[in-house]
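Sequence first, then the predicted structure, then my questions.
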Amino acid sequence: MYNYATAAPVAFQNWNTCMVTQQPTSDEVRATWHECCAKLRGQLSSAVYNTWIVANPLTNLEHSSDTALLATIMSPTAFHSTNVKKNFDETLRQTLSEITRKQVEIMYVIGTQSIQNGEIPKYNGIIHDIIPKNSISKSPRVEDLFSPKNLESAAFDRSQLHAKKVGLRTDYTFETFAVSTSNEMAHAAAVAVSNQPGSSYNPLFLYGGVGVGKTHLMHAIGNNIIEQNPQIEMIYSTGEEFTNQIVQAIQTKKVSHFKDKYRSTQVLFIDDIQFIAGKTAVQEEFFHTFNALTKNLKQVVLTSDRPPHEIRLLEDRLRSRFEAGLMIDIQEPSFELRTAILLLKSKAQGIPISIDLAKTIAESVDSARKIEGIITSIRSEVELKKRSLTPELIAEIISHTTQQEKRILNASPTDIIKLVANHFQLTQAVLKGKSRVKQLVTARHIAMFLLKNELSLPLTEIGRWFSGRDHTSVLHATRKVEALLLSDEQLQRDVLSIRRTLQRQGKN
């Protein structure tokens with residue numbers, strides 16, 4: 001008796017060197033199916049795996065050409081066969097193709113599941129191996145396997161699997177997104193796009209500072225679309241990944257493949273689109289990709305840390321197309337929203353944080369991203385070190401997080417001044433000069449604030465970097481920025497954007 005799902009694999013031949021005349025042996029088929037089961041076991045729930053994979057095994061492989069294989073999947077009933085083909089055909093073909101490194105097509109057949117006189121049953125002249133009778137008897141009853149609950153579970157697993165392959169975080173859904181006045185418009189637009197991709201708000205352009213929920217909403221759109229249509233073609237990429245893929249396509253002479261991939265998708269997500277600014281070839285390709293998709297009513301969703309008109313070196317033709325869609329500014333989360341986000345995320349992690357502790361944490365962080373980091377630290381301390389969830393533990397974690405952020409920053413005063421000047425499209429000489437133009441003064445004050453808070457420079461030393469200003473002028477500037485950060489949303493975005501760039505450079 002042979003159980004495909006649990007038996008150890010048998011060494012099989014190199015599929016790439018196998019000729020059409022050398023058909024796979026029974027042991028090689030078993031080994032291939034064993035590896036396929038091993039890959040799928042970790043991706044599907046136990047009930048779905050046992051119902052739809054184990055009970056419907058691979059029974060034959062034969063070469064249809066030098067680069068293609070025909071696989072046979074045997075099911076005990078027509079109902080099994082129909083549902084496996086409908087719900088798992090793409091998953092099985094892709095997994096078998098990865099294992100064999102050949103293009104696999106699948107034939108679905110119905111066959112007996114009992115052995116008589118030790119003979120292997122036949123179907124239309126093709127010999128098939130089978131699942132032994134005793135392994136089938138351990139499976140749930142057929143009428144239970146196709147209950148509404150199991151069918152719904154199978155659909156959920158398919159959606160989760162597709163979302164992970166696209167690159168979406170399956171925990172980033174609309175249900176786990178906290179809504180308040182600062183992001184309710186963005187949330188409403190995202191829901192509308194996910195329900196009618198391509199016809200509502202195309203493109204959708206979400207912008208805002210770090211940790212305001214742009215990426216969460218983007219992933220939530222994708223997860224909701226996949227839930228409604230598990231077979232939909234979708235691409236998720238960051239601006240940096242998009243750039244790297246174009247460079248690689250040029251180097252390997254596969255530009256046509258790159259174009260076909262991006263221009264044939266039904267939904268395209270690009271996170272941090274501002275990264276492509278200043279890169280001529282990348283902007284050229286994205287321009288044509290964008291036009292091809294929107295012309296055919298394919299949905300495009302973009303995020304950025306700033307609105308299109310503030311993205312330096314972005315081509316005018318791209319800027320005009322971004323602005324032709326729906327642009328939404330997601331504002332920094334308020335104290336109340338940060339508290340709600342913390343309670344929501346801690347609940348999802350199974351951490352019972354009280355509202356008082358949540359408020360304590362919310363007072364010390366300025367973004368949802370930092371909240372996630374703190375929750376991860378809390379979980380580690382509680383679960384791995386068996387510590388109690390107390391105010392003292394929270395204070396310790398917050399202090400450690402703050403010190404760690406300062407250690408990450410590896411910048412000089414010149415680095416900060418240069419970044420601030422670039423952010424506001426100024427020269428360093430003008431920024432450090434004596435002009436009192438309002439925009440210059442704001443940028444100068446931010447630079448002084450960052451030098452004091454990020455590098456802990458003395459006020460007198462900071463003053464020397466700005467045409468020899470005295471320490472009282474620097475103190476006035478830093479205090480003014482600290483006060484305005486409590487209410488000025490544009491100032492918050494500017495400071496967060498510069499800080500994020502500093503931290504990113506510090507890690508390189």
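Perfect, thanks for sending it. Residues are numbered from 1 along each chain as shown.

quick one: low-confidence ranges for the stretch 151-300 of the chain?
With pLDDT under 70 as the threshold, the stretch 151-300 of the chain has low-confidence stretches at 151-158.

can you map out the strands along it?
Under the criterion DSSP state E, counting those that start in this stretch, the stretch 151-300 of the chain carries strands at the ranges 204-207, 234-238, 267-271, 299-304.

what distance separates the first one from the centre of its chain?
This points to strand 204-207. Put simply, strand 204-207 sits 17 Å off its chain's centre (CA atoms, centre = their mean, to the nearest Å).

One more: the third one?
Relative to the mean C-alpha coordinate of its chain, strand 267-271 is positioned 10 Å out (CA atoms, centre = their mean).

Output stretch 270-283 in CSV, but only the C-alpha positions, please.
Taking Å, rounded to 0.1, in the frame of the first residue of the first chain, the C-alpha atoms of stretch 270-283 are listed here in CSV:
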residue,chain,number,x,y,z
ILE,A,270,3.1,50.7,-7.3
ASP,A,271,4.1,51.6,-3.8
ASP,A,272,6.4,54.7,-3.4
ILE,A,273,6.1,55.8,-7.0
GLN,A,274,8.3,58.8,-6.2
PHE,A,275,11.3,56.5,-6.5
ILE,A,276,11.1,56.5,-10.3
ALA,A,277,11.6,60.3,-10.5
GLY,A,278,14.7,61.4,-12.2
LYS,A,279,15.2,58.0,-14.0
THR,A,280,14.5,58.7,-17.6
ALA,A,281,14.2,55.2,-19.0
VAL,A,282,12.1,54.0,-16.0
GLN,A,283,9.7,56.9,-16.4
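
how far is that stretch from where the chain is centred?
Mean C-alpha position of stretch 270-283 versus that of the full chain (CA atoms, centre = their mean) differs by 18 Å.

Mark out where each domain of this protein begins and ends.
Structural domains of the chain, as assigned by automatic domain parsing, span the residue ranges 15-159, 167-329, 335-408, 413-507.

Out of these, which is the most enclosed?
Greatest average neighbour count among those goes to domain 167-329 (a mean of 18), per mean count of other CB atoms under 10 Å. (Glycine included, C-beta is placed from N, CA and C.)

thinking again about what came up before, just so I know, which of the strands of the stretch 151-300 of the chain lies nearest Ala483?
Closest to Ala483 of the strands of the stretch 151-300 of the chain, according to CB to CB: strand 204-207, at 25.2 Å.

quick one: strands adjacent to that closest one?
Strand partners for strand 204-207, identified by DSSP bridges, are recorded as strand 299-304 (parallel), strand 326-329 (parallel).

Following the chain onward from the longest one, which element is next?
To tie it back to what came earlier, the one meant is strand 299-304. Helices and strands here follow DSSP states H and E; after strand 299-304, the next one along the chain is helix 316-323.

Specify the next element, helix or strand, located C-terminal of the helix or strand in which Phe88 is found.
Element membership of Phe88 [criterion: DSSP H and E] is helix 78-100. Scanning forward in sequence from helix 78-100, with DSSP H and E defining helices and strands, the next element found is strand 103-110.
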